[in-house]
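Visitor: just the structure for this:
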Amino acid sequence: MEILKILLKQHTPLIHFQYKEHEATLRASEVKPKLDKYIVEQIGGGSYETVKKQVKDANPDWFIDKKGIYSLRYKMSIEPADTPLAKDIEGYFGYKQSKKGYRPNPAPMFFGNMQSNDDSKRSYLKKGFSISNNLLLIIICKNQELFNLIIRHIYTFFIETNFGTRQSKGYGSFSIDLEEWKRFLALKGIYENPVISYPYFTVHGDHEALFTEMEWFYKAIRSGINDCFGKEQFYMKSLMFAYAKANKEQWEKKTIKSIFYDYLSKKKNFAEKVYEGEIQKHPQNNDNLTFTSANEGEYLFKDCLGLSTVEQWKKPYFDEAEELKYDGYFTLNKESDQTEDPIQRMKSPILLKPVREGNESYKVYVIYSELPKRYLGAGFFVGINCCEDEFLLNIYPHFSIKKYFDFLFKKDYKKGTYEVDIKSLMTKGQNTVKAKRIIKIFDELRRTYNK
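Guide: Predicted structure coming up:
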């Protein structure tokens, strides 16, 4: 019998419903199925569903002896090495002043606690943070061959996996302490150190700084950043828009606005008027508003980084001085066009993995995988809450996350340049702290991507 005892370090808060329960923290019931799946995929060399049966058939002693069950034959437990802290999400990332006094800043890239009053009827749905310094992971395995496989893969498994809610956005990040893991491997006579080859950027600061900068990065590569409503205004066009244009395709926001803005105002040609107003607001390099493809926009690009079935868009109007303003929101919905087995969700192919390197210093790995073939080219009916009409758009069928990342990060050594200039997409606030930090993030990602 082999026993593995190793410390897990928690780097970011774990989000779940039971955060106030005694010793609530990461649970073996969530970790073990994911580790089983990871090991099976590594051994089988394909997706879990396609290789699990052949792996079990070839290695029956590794698995529980039950037909149709693919659980590996070992036991796992996780114990807090210190008392976990339960934290409310509201207020964790600080407060901001508003007309109604100080209100908690929203948690970056988390939208679960839309109604956070403890006395509300929906309070039982409220999620919170669970935070521990260290956890003791214990694995007991009778099969030596299986135990060796666990040792071989468990370090990279924790690097490539987060847990709880909003995993892809950096929450629920744990890892095995590298120095302790090296010592354990040396005791076993193994001297091959784990190799992590993913691009990364570093963040110095607390969790607020960490998640804020991860949010900036994710918005930059997906939807763009529009912070033109505060004192330090900043506007950055989406890098996904730049990718679409490089492929001679129209940015979907232009397509959606051109159809639905007229419905919102119940006036013809209102969308064209809004375009003119937006161009005046962003006079520099406004091709995201003007570039039109030959097919006049058939594809969804943002959803290549995760399906968003419900979105809130700012509602435009013109004041008495005929100046473009925004007030309130309208709701945009997407629904699969498949009648059998419709696509209802598609997680992001990008996982942000923050690992604490020192006191308030983090290395954020950007881990990526390709989209399922079923999702590429899939159709979705797009509609808004104030009209019955809807229209069909398809996920861009030729999208590849590797090609997209090559477009963002890979250097053309013959030209000595990259496909896209990050600063050129910033049409407002190029000299702000935010702009400089985003440029540094992409500089570091490009350096580590091209190693």
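Visitor: pretty sure residue 434 sits in a helix.
Guide: Yes: Residue 434: assigned to a helix according to DSSP: H, G, I helix; E, B strand; the rest coil.
Visitor: what sits closest to it if chain neighbours are left out?
Guide: residue 234 (5.2 Å; Cβ to Cβ, 6 or more residues apart in numbering). Glycine gets a C-beta too; all of them are placed from N, C-alpha and C.
Visitor: ok, the one you found - contacts?
Guide: By Cβ atoms under 8 Å, 6 or more residues apart in numbering, residue 234 lies in contact with 225, 227, 228, 426, 428, 429, 432, 434, 435.
Visitor: ok, which pair from the residues you listed is furthest apart?
Guide: Checked with Cβ to Cβ, the contacts of residue 234 reach their widest spread between 228 and 435, with 13.2 Å between them.
Visitor: tell me the helix or strand right after the worst-scoring helix or strand of the chain on mean pLDDT.
Guide: Least confident helix or strand of the chain, by mean pLDDT, DSSP states H and E, is helix 287-290 with a mean of 71. The first helix or strand that comes after helix 287-290 along the chain, using DSSP states H and E, is strand 299-300.
Visitor: neighbouring contacts of that following strand?
Guide: 244, 249, 250, 252, 334, 380, 393, 394, 395, 396, 397.
Visitor: pretty sure residue 248 sits against residue 291.
Guide: No: if you go by Cβ atoms under 8 Å, residue 248 and residue 291 don't touch, sitting 9.1 Å apart.
Visitor: those two: which is more packed in?
Guide: residue 291 (16 against 10; other Cβ atoms under 10 Å).
Visitor: where does residue 355 fall, phi/psi-wise?
Guide: Torsion angles at residue 355 (phi, psi; degrees, to the nearest 10) stand at phi -130, psi 120.
Visitor: and it, how many neighbours?
Guide: Residue 355: 20 neighbours (other Cβ under 10 Å).
Visitor: list only buried entries from the contacts of residue 234.
Guide: Buried members of the contacts of residue 234, counted by 16 or more other Cβ atoms under 10 Å: 225, 227, 426, 428, 429, 434, 435.
Visitor: dump those to a markdown table, plus secondary structure and distance to residue 154.
Guide: Shown next, in a markdown table, are those (DSSP: H, G, I helix; E, B strand; the rest coil; distance: Cβ to Cβ, whole Å):
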| residue | secondary structure | distance to residue 154 |
| --- | --- | --- |
| 225 | strand | 37 |
| 227 | strand | 41 |
| 426 | strand | 42 |
| 428 | strand | 47 |
| 429 | coil | 44 |
| 434 | helix | 38 |
| 435 | helix | 40 |
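Visitor: tell me the one of these nearest residue 302?
Guide: Distances from residue 302 to those, taken by Cβ to Cβ, are shortest for residue 225, at 13.3 Å.
Visitor: check what pLDDT the closest one gets.
Guide: Turning to residue 225, the model gives it a pLDDT of 94.
Visitor: i'd like the first residue to be 682 from this point on
Guide: In the new count, where the first residue is 682, that last one comes out as residue 906.
Visitor: how deep is residue 883 tucked in, by neighbour count?
Guide: Neighbours around residue 883, by other Cβ under 10 Å: 14.
Visitor: cool, and residue 907?
Guide: 16.
Visitor: now do residue 990
Guide: 15.
Visitor: what do you get for residue 1045?
Guide: 24.
Visitor: in a strand, it, correct?
Guide: Yes: counting by three-state DSSP, residue 1045 is found in a strand.
Visitor: so what's the closest residue to it other than its chain neighbours up against?
Guide: Spatial nearest neighbour of residue 1045, excluding adjacent residues (Cβ to Cβ, 6+ apart): residue 1035 at 4.9 Å. Contact analysis of residue 1035 by Cβ under 8 Å, 6+ apart lists 692, 693, 851, 854, 884, 891, 895, 1043, 1044, 1045, 1046.
Visitor: swap in residue 1024?
Guide: 988, 1017, 1055, 1056, 1059, 1061.
Visitor: what about the residues you listed, which one has the most neighbours?
Guide: The most crowded member of the contacts of residue 1024, judged by other Cβ under 10 Å, is residue 1061 (23 neighbours).
Visitor: run a quick neighbour tally on the nearest residue to that one once chain neighbours are set aside.
Guide: Using Cβ to Cβ, 6+ apart and skipping the chain neighbours, the partner closest in space to residue 1061 is residue 1015 (4.3 Å). Neighbour count of residue 1015, defined by other Cβ under 10 Å: 20.
Visitor: residue 1015 falls within a strand, correct?
Guide: Yes: counting by three-state DSSP, residue 1015 is part of a strand.
Visitor: follow-up on the earlier one: what are the phi and psi angles of the residue nearest to residue 1115?
Guide: Taking degrees, to the nearest 10 as the convention, residue 915 sits at phi -150, psi 130.
Visitor: same check on residue 828?
Guide: Torsion angles, degrees, to the nearest 10, at residue 828: phi -60, psi -40.
Visitor: pull the contacting residues for it.
Guide: Counting by Cβ under 8 Å, 6+ apart, residue 828 has contacts 683, 685, 755, 820, 822.
Visitor: run a quick neighbour tally on residue 820.
Guide: 21.
Visitor: residues in contact with the nearest residue to it once chain neighbours are set aside?
Guide: In this structure, residue 820 finds its nearest non-sequential neighbour in residue 685, 4.2 Å apart by Cβ to Cβ, 6+ apart. Residues counted as contacts of residue 685 (Cβ under 8 Å, 6+ apart) are 818, 819, 820, 821, 822, 828, 831, 832, 835, 865.
Visitor: for residue 685, identify the helix or strand it belongs to.
Guide: Here residue 685 is assigned to strand 683-691, by DSSP H and E.
Visitor: many thanks, we can stop here.
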